[in-house]
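Novice: task: produce atomic coordinates for the following.
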Amino acid sequence: MYFVLEQSLLESILDSAIFNFIFSIFGINIWYVVRFAGLNPANVSNTLVTHLFSALILISLWLFVGSGIIKVILGNESEYSSYFSGTIYYRAAIGMLYYALIVLNYYMATFYREVQERKLHESETSRLLKETELSMLKAQINPHFIFNSLNSVSSLTLTNPEKAHDMVVNLAAFLRYTISPQEKKKVKLKEEIGAIQQYLAIEKVRFGDRLDVSVTIEDGLDDLLLPNLILQPLVENAIKYGVYESTDENRITIEGNEQKGQLEIIIKNDIAPDSFPRKGKGIGLNNVKARLKLIYDSDNLLEIENTKSQFTVKIIFPQ
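Specialist: Now for the predicted structure:
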């Protein structure tokens, strides 16, 4: 009696090990069925039929191969054949469950991969759209500035050719900066301030003593980063709505500070008390707001304060 029990236990262990091992090998190939069937909501019935047909073939082959291997090991005279025949429907049900679990696992893996690929594609598309929009914004500023500068040169060629020459030289130096780092998203503060001073040198030729500029940057901020050419339209606005409107000296101040680890730039210009406010198209400020939103994904980085005597723009550049 003890021998029969021991023999039955060995057969059970052998049966379980061989059948599970064979199904694990077959289960790898179910991946090809999943890829062939797909998961199209419009063809669910076709998918179910495909898997049902595949499961019947796979389970039949699994039962045939597994029982054959065990019979070879135990010999035809063993009682395993009758035991196998009595449990064949149970084994088929277990095989269907295995098949369903493997298919479900493959579909979950496929769905997860597709979601990740979709996120990556959306992220890449968003990045390309953002870069395209930034390029369009930069392209909008450059012709606007060049048009104003060339008008100034045209006027000076008649009244003061030497100043016109100086202005062309400074304009060429400034445009060289606008072109060379055009693909950079951000530049160091010292580079941006250097470009602004080149731009102001151009306008100084035009306005002379009417334009008084003060640039004050705290120590240790030279390497902080900000988008390139983002200050130029603000300084241009300060000149346009300050110096243009006054026959007296007009002061523009540019300050750079560090606030809680972030770069803060403040640009101020005087407003003549008897000046008539000009209404522009808002290209400068709208351009800066749009670029800040695209680069930093924030709407509260730019503040404007307009009093009767002074116009102030404050920008925060996260680091």
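
Novice: next, V215: secondary structure please.
Specialist: Judged by DSSP: H, G, I helix; E, B strand; the rest coil, the three-state class of V215 is strand.

Novice: ok, and the closest non-adjacent residue to it?
Specialist: I254 (4.7 Å; Cβ to Cβ, 6 or more residues apart in numbering). All C-beta atoms are positioned from the backbone trio N, CA, C, and that covers glycine.

Novice: repeat that for K186.
Specialist: L225 (4.2 Å).

Novice: burial of the one you found, as a residue count?
Specialist: 17 (other Cβ atoms under 10 Å).

Novice: same deal with F317?
Specialist: 20.

Novice: just V115 next, same as before
Specialist: Counted with other Cβ under 10 Å, V115 comes out at 10.

Novice: ok so it is a helix residue?
Specialist: Yes: V115 forms part of a helix when assessed by three-state DSSP.

Novice: distance of it relative to L263?
Specialist: 38 Å (Cβ to Cβ, to the nearest Å).

Novice: can you tell me the SS state at the residue nearest to V215?
Specialist: strand.

Novice: so what's it up against?
Specialist: Going by Cβ atoms under 8 Å, 6 or more residues apart in numbering, I254 touches I193, I196, V213, S214, V215, T216, I217, L231, V235, I265, I266, I267.

Novice: and the third one, what are its bridge partners?
Specialist: Applying DSSP bridges to V213 yields these beta-bridge partners: I252.

Novice: shouldn't I102 be in contact with I30?
Specialist: Yes: using Cβ atoms under 8 Å, I102 is in contact with I30, at 5.2 Å.

Novice: buried members of the contacts of I254 into PyMOL, please.
Specialist: Buried subset of those, written as a PyMOL selection, criterion 16 or more other Cβ atoms under 10 Å:
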select buried, resi 193+196+213+217+231+235+265+266+267
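
Novice: would JSON lines of the contacts of I254 with pLDDT be doable?
Specialist: Below are these laid out as JSON lines (pLDDT from 0 to 100):
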{"residue": "I193", "pLDDT": "92"}
{"residue": "I196", "pLDDT": "89"}
{"residue": "V213", "pLDDT": "89"}
{"residue": "S214", "pLDDT": "91"}
{"residue": "V215", "pLDDT": "93"}
{"residue": "T216", "pLDDT": "93"}
{"residue": "I217", "pLDDT": "93"}
{"residue": "L231", "pLDDT": "90"}
{"residue": "V235", "pLDDT": "89"}
{"residue": "I265", "pLDDT": "96"}
{"residue": "I266", "pLDDT": "95"}
{"residue": "I267", "pLDDT": "94"}
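
Novice: just the closest of the contacts of I254 to L14, please.
Specialist: Among the contacts of I254, I265 lies closest to L14 (Cβ to Cβ), at 78.8 Å.

Novice: you'd agree that closest one is in a strand?
Specialist: Yes: counting by three-state DSSP, I265 is found in a strand.

Novice: and the strands in the protein, which stretches?
Specialist: 186-188, 211-217, 225-227, 250-259, 262-270, 302-306, 310-317 (DSSP state E).

Novice: looking at those strands, which is closest to A93?
Specialist: Closest among those, using Cβ to Cβ: strand 186-188, at 63.6 Å.

Novice: partners of the closest one, with directions?
Specialist: strand 225-227 (antiparallel).

Novice: then stretch 200-208 to PDB, C-alphas only?
Specialist: The C-alpha trace of stretch 200-208 is given here as PDB (Å, rounded to 0.1, in the frame of the first residue of the first chain):
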ATOM      1  CA  LEU A 200      21.300 100.500 -26.800                       C
ATOM      2  CA  ALA A 201      24.500 101.700 -28.600                       C
ATOM      3  CA  ILE A 202      22.500 101.700 -31.800                       C
ATOM      4  CA  GLU A 203      19.700 103.700 -30.300                       C
ATOM      5  CA  LYS A 204      22.200 106.000 -28.500                       C
ATOM      6  CA  VAL A 205      23.500 107.100 -31.900                       C
ATOM      7  CA  ARG A 206      20.000 108.000 -32.900                       C
ATOM      8  CA  PHE A 207      18.800 109.700 -29.800                       C
ATOM      9  CA  GLY A 208      22.000 111.100 -28.300                       C
END
